[in-house]
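1. pasting the structure only:
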């Protein structure tokens, strides 16, 4: 895939409706589910650009109250992912520091992990 075509998606009359604001694809796509809408658009892309088929991306135009909840969820998810990454980095660092002074079983006890997990962290698995 060389590029991605972005569609603005709304829910209208019990159907998901897609519109391409850039005009690369004319008209609207309509489907009962987002999965079906994505498959339909991918088929259109394959037919229209067989040699260099672009991907499909959705931007959702949601009601304001729903959009606010989704935005809050997205922010918290990003924060959680960043924290998870940082915790993983610190686990490796702690395992290496602790095992440079004490045994893997003792380091595991301090970290609240299994000795196998401490060994994995120490050797970089």
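-> Alright, I've got the coordinates. What you see is a predicted model; the values in this text were computed from it and never measured. Residues are numbered from 1 along each chain as shown.

2. what is the mean pLDDT for stretch 56-70?
-> Confidence for stretch 56-70, expressed as mean pLDDT, is 97.

3. can you pull out the strands in this protein?
-> Per DSSP state E, the chain has strands spanning 4-12, 15-19, 28-31, 55-60. These are given in chain order.

4. Most tightly packed of those strands?
-> Mean neighbours per residue, mean count of other CB atoms under 10 Å, is largest over the strands of the chain for strand 15-19, with a mean of 18. C-beta here means a position set from N, CA and C on the backbone, and glycine is covered the same way.

5. Might you calculate how far that one sits from the centre of the chain?
-> Once both centres are worked out by CA atoms, centre = their mean, to the nearest Å, strand 15-19 turns out to sit 22 Å from its chain's centre.

6. Quick one: list the elements packing against that strand.
-> strand 4-12, strand 28-31, helix 34-48 (3 or more CB pairs under 8 Å, 6 or more residues apart in numbering; DSSP states H and E).

7. Report the angle between the first one and strand 55-60.
-> Angle, strand 4-12 to strand 55-60, by axes from the mean of the first three to the mean of the last three CA atoms, to 10 degrees: 40 degrees.
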